[in-house]
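A.B. asks: Sequence plus predicted model, see below.
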Amino acid sequence: MAQREPRANAKLVCLAWLATFAAVLAIAAPARAAICKYLDADGNIVYSNVAPPKGLRKLSCDIVDESPRRSPEKGARTASPADFPRVEPGVQKSRDDMRRKILDDELAKEQKLLASAQQEYGNGAPQPLADEKTDAEKYRERIERLRQAVVLHQRNIDALRKEIAATR
């Protein structure tokens, strides 16, 4: 009976492990992969599947979704489970009416706050306060705070209008 060389057995074992590893990779291919691009300490560009260590400059780090997706049909709704609680149409209408009233009230309040903030902002040139007449930096900081308040109230109004439009 002829015996195989130990080296030949090692090759067969190695090939078997390699084939198993390839099969596992093929079956469990990742659907999502992070691709990060950063500069290492020597200034070389590095691509990796993990975020760069602290202290290195990250150029980009995006999640790539390779899984196939079905686009939902327009107007299609998912079915509710059989034991999901149902709301009577009259109850839902009263809830929707209450929500609409709350949104309308919030919109009116934000519009008043915006008008007040715009008046105080004075188109970017409000009257300086007594201590701001000698400190220009303090005056600029106040102008910036007032401008940010105007922008905030305008964004809130835009968001409320969008939400109200969605309830119709």
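C.D. replies: Sure, I can see it.
A.B. asks: for the helix or strand hosting residue 59, what is the average pLDDT?
C.D. replies: Taking DSSP states H and E as the criterion, residue 59 maps to strand 57-65. For strand 57-65, mean pLDDT is 67.
A.B. asks: what's the following helix or strand after that strand?
C.D. replies: Assigned by DSSP H and E, the successor of strand 57-65 is helix 89-121.
A.B. asks: how far out from the middle of the chain is that following helix?
C.D. replies: 26 Å (C-alpha atoms, centre = their mean, to the nearest Å).
A.B. asks: Remind me what that helix packs against, helices and strands.
C.D. replies: helix 136-167 (3 or more C-beta pairs under 8 Å, 6 or more residues apart in numbering; DSSP states H and E). (Each C-beta comes from the backbone N, C-alpha and C, glycine too.)
A.B. asks: ok, and for the helix it packs on, which residues are buried?
C.D. replies: 139, 142, 143, 146, 149, 150, 153, 156, 157, 160 (16 or more other C-beta atoms under 10 Å).
A.B. asks: Which members of the residues you listed are the farthest-apart pair?
C.D. replies: 139 and 160 (32.1 Å; C-beta to C-beta).
A.B. asks: Going by distance to residue 118, which of the buried residues of helix 136-167 wins?
C.D. replies: Of the buried residues of helix 136-167, the one sitting nearest to residue 118 (C-beta to C-beta) turns out to be residue 150, at 5.7 Å.
A.B. asks: Not counting sequence-adjacent ones, nearest residue to that closest one?
C.D. replies: residue 117 (4.7 Å; C-beta to C-beta, 6 or more residues apart in numbering).
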